[in-house]
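> fold the following.
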Amino acid sequence: MAFQQGLSGLNAASKSLEVIGNNVSNAGTVGFKQAQAQFADVYANSLAGGGGSQVGIGTKLVRVAQQFTQGNISGTNNPLDIAINGKGFFRMNNAGDITYSRNGQFILNKDGFIENASGALLTGYPVGPNGVVSAGAPIPLEINAADLSPTPTGTYDLVLNLDSRVTAIPVATAFDPNNPGTYHKSVPVPVYDSLGNSHLLQTYYVNRGPVPGPGNSWDVYGQVTLSDGTTQMLGGAAVPPYATIGTLAFSNAGVMTPAAPLVVNFTPPGAAAMAINVSHASTTQFGSAMSVNSQAQNGYTSGSLTGFSVAADGKFIGRYSNGKANVLGQLALVNFANPNGLQAMGDNAFTETSLSGVPLIGTPGSSGMGAVQSSAVEESNVDLTEELVNMITAQRIYQANAQTIKTEDQIMQTLVNLR
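Numbers count the residues shown, from 1 in each chain. All right, here's what the predicted structure looks like:
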């Protein structure tokens with residue numbers, strides 16, 4: 001019997017060394033998960049049932065279990081290197097075959113798809129026409145390198161402080177944009193038309209003195225300098241005396257009376273007519289210097305894609321030459337009830353089996369999935385120190401089992417030599 005026991009021990013130690021050797025050889029493989037050889041004792045079946053004096057007949061390999069623990073995350077210079085920090089696998093499409101991987105070393109191929117070194121395509125969710133990530137089944141992610149279309153300005157939000165200490169200008173004094181003595185403050189802002197051309201919108205503020213009841217009123221005038229260099233007064237009057245585009249009224253506490261946004265209308269050359277709502281909400285009239293506290297308009301010109309990065313929730317954020325950012329898609333992550341049930345396919349890929357359970361698909365940071373990090377990779381979780389110690393242990397076990405075979409051989413030789 002000792003021959004059988006020793007032989008099974010030799011086989012077990014050999015398998016253990018094979019697993020350790022594979023771990024060591026993949027210590028530098030991105031996303032690799034170390035494996036552990038697991039063994040069980042073996043007993044012969046007994047016709048009379050088990051007994052207290054039953055002797056085992058050796059050991060056997062029952063499973064090589066992947067250790068899905070987190071590897072260290074290290075930075076890289078490639079924005080398409082993506083590390084998962086937490087649970088989950090990348091979902092890859094390899095010519096229709098779905099595989100899963102923790103290796104996030106990706107490149108952008110000539111067709112605009114994101115692929116790994118084996119040519120499998122990263123899958124996720126595309127962006128719809130409204131810029132919102134689409135729901136549904138994940139598909140291969142494609143980076144759309146088309147220019148970002150221009151958006152015409154439709155709203156202009158402006159928060160000012162108008163100095164209550166200035167002397168009011170009588171209504172009889174006609175406003176003239178070329179005469180600073182006819183107004184107290186001017187504020188310029190670039191606005192954009194349907195073609196992405198930039199025009200300069202300028203608003204002017206004139207203190208007209210008390211209004212019925214306590215408080216002051218300010219007339220607002222507007223002028224636009226078009227992209228072709230011509231100027232156009234807003235408010236309806238093309239020649240003096242110019243009409244206002246609206247009036248702002250303030251209480252004696254310096255708070256503006258709520259009012260609807262002022263509307264300016266003009267038609268740029270070759271572009272669609274524009275109507276811009278100019279809001280002065282939160283504008284004040286206090287006894288301090290004139291100031292522009294904030295201004296924002298919602299238009300922009302066209303832009304070309306200059307680069308992109310990946311956010312923690314897996315969204316690909318494109319950066320454009322016009323300073324804007326846009327969501328290009330979102331990668332999907334997949335988890336399993338039993339990751340150890342996955343079948344290793346090589347090339348850092350796994351496939352599902354009946355033991356792993358069905359794939360649970362989600363986005364990074366949701367449904368228990370880990371977050372992702374751009375310009376980073378997850379290193380192998382192999383601990384070389386531990387593996388080298390395990391190697392020594394397996395070697396000793398191999399030698400010890402060889403000794404049991406040698407001893408049994410000596411015993412058998414003694415029996416053969418009996419005369």
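
> can you list the buried residues in stretch 89-99?
Along stretch 89-99, the positions that meet the burial threshold by neighbour count (16 or more other CB atoms under 10 Å) are 89-94, 98-99. C-beta: built from backbone N, CA, C; applies to glycine.

> least confident of those residues?
Among those, residue 94 carries the weakest pLDDT, at 92.

> so what's that one up against?
Shown here is residue 94, whose contacts under the criterion CB atoms under 8 Å, 6 or more residues apart in numbering are 118-121, 349.

> bridging residues for it?
Residue 94 has the following beta-bridge partners by DSSP bridges: residue 97.

> could you measure from it over to residue 119?
The gap separating residue 94 from residue 119 is 7 Å, by CB to CB, to the nearest Å.

> the residue nearest to residue 171 when sequence neighbours are not counted in helix, strand or coil?
What sits nearest to residue 171 in space, not counting adjacent residues and going by CB to CB, 6 or more residues apart in numbering, is residue 208, at 6.2 Å. Applying DSSP: H, G, I helix; E, B strand; the rest coil to residue 208 yields a three-state assignment of strand.

> isn't residue 208 up against residue 168?
Yes. If you go by CB atoms under 8 Å, residue 208 and residue 168 touch, sitting 5.9 Å apart.

> show me which of these two is the more surrounded one.
A direct count of neighbours by other CB atoms under 10 Å for residue 208 and residue 168 places residue 208 higher, at 18 against 15.

> so what touches stretch 311-323?
By CB under 8 Å, 6+ apart, the list of residues contacting stretch 311-323 from outside reads 124, 133, 141, 143, 147-148, 300-310, 325-333, 363-366, 371-374.

> repeat the analysis, applying 7 Å as the threshold.
Around stretch 311-323, the neighbours that count as contacts under CB atoms under 7 Å, 6 or more residues apart in numbering are 124, 143, 148, 300-310, 325-331, 363-365, 371-372.

> returning to that earlier point: now, the contacts of residue 94 that are in strands?
If you go by DSSP state E, the contacts of residue 94 have 121, 349 in strands.

> for the contacts of residue 94, work out which two are farthest apart.
The two members of these with the most space between them (CB to CB) are 121 and 349, at 12.5 Å.

> ok, back up a step: and the gap between the residue nearest to residue 171 and residue 115?
Counting by CB to CB, the separation of residue 208 from residue 115 is 66 Å.

> please apply the same query to residue 287.
Counting by CB to CB, the gap from residue 287 to residue 115 is 64 Å.

> now residue 70
The spacing between residue 70 and residue 115, counted by CB to CB, is 25 Å.

> check residue 14 too.
If you go by CB to CB, the gap between residue 14 and residue 115 works out to 38 Å.

> what of residue 7?
Residue 7 sits at a distance of 47 Å from residue 115 (criterion: CB to CB).

> between these two, which is the more surrounded one?
Of the pair residue 7 and residue 115, residue 115 is the one with more neighbours under other CB under 10 Å, namely 20 against 15.

> how confident was the prediction at the more buried one?
96.

> tell me the contacts of it?
By CB under 7 Å, 6+ apart, the contact set of residue 115 is 106-107, 109, 121-122.

> give me the buried subset of these.
Listed as buried from the contacts of residue 115 are 106, 121-122; burial here means 16+ other CB under 10 Å.

> now those in CSV, with pLDDT and distance to residue 400?
Shown next, in CSV, are the buried ones among the contacts of residue 115 (pLDDT from 0 to 100; distance: CB to CB, whole Å):
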residue, pLDDT, distance to residue 400
106, 96, 47
121, 97, 50
122, 97, 48
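
> quick one: which of those residues is nearest to residue 395?
Comparing the buried ones among the contacts of residue 115 against residue 395 with CB to CB picks out residue 106 as the nearest, at 39.6 Å.

> in space, what's closest to the closest one - neighbours in sequence excluded?
What sits nearest to residue 106 in space, not counting adjacent residues and going by CB to CB, 6+ apart, is residue 80, at 4.4 Å.

> just give the number of residues close to that neighbour.
Summarising burial for residue 80: neighbours were counted as other CB under 10 Å, giving 21.

> what's it in contact with, if anything?
If a contact means CB under 7 Å, 6+ apart, then residue 80 has 106-108, 114 as its contacts.

> do that again at 8 Å, thanks
Residue 80 sits in contact with 106-108, 114, 310, 374, where contact means CB under 8 Å, 6+ apart.

> how about the residues you listed in JSON lines, adding distance to residue 294 and secondary structure?
Converted to JSON lines, those look like this (distance: CB to CB, whole Å; DSSP: H, G, I helix; E, B strand; the rest coil):
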{"residue": "106", "distance to residue 294": "40", "secondary structure": "coil"}
{"residue": "107", "distance to residue 294": "42", "secondary structure": "strand"}
{"residue": "108", "distance to residue 294": "38", "secondary structure": "strand"}
{"residue": "114", "distance to residue 294": "38", "secondary structure": "strand"}
{"residue": "310", "distance to residue 294": "31", "secondary structure": "strand"}
{"residue": "374", "distance to residue 294": "31", "secondary structure": "strand"}
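
> from these, which is closest to residue 355?
Using CB to CB, residue 106 is the member of the contacts of residue 80 that sits closest to residue 355, with 28.5 Å.
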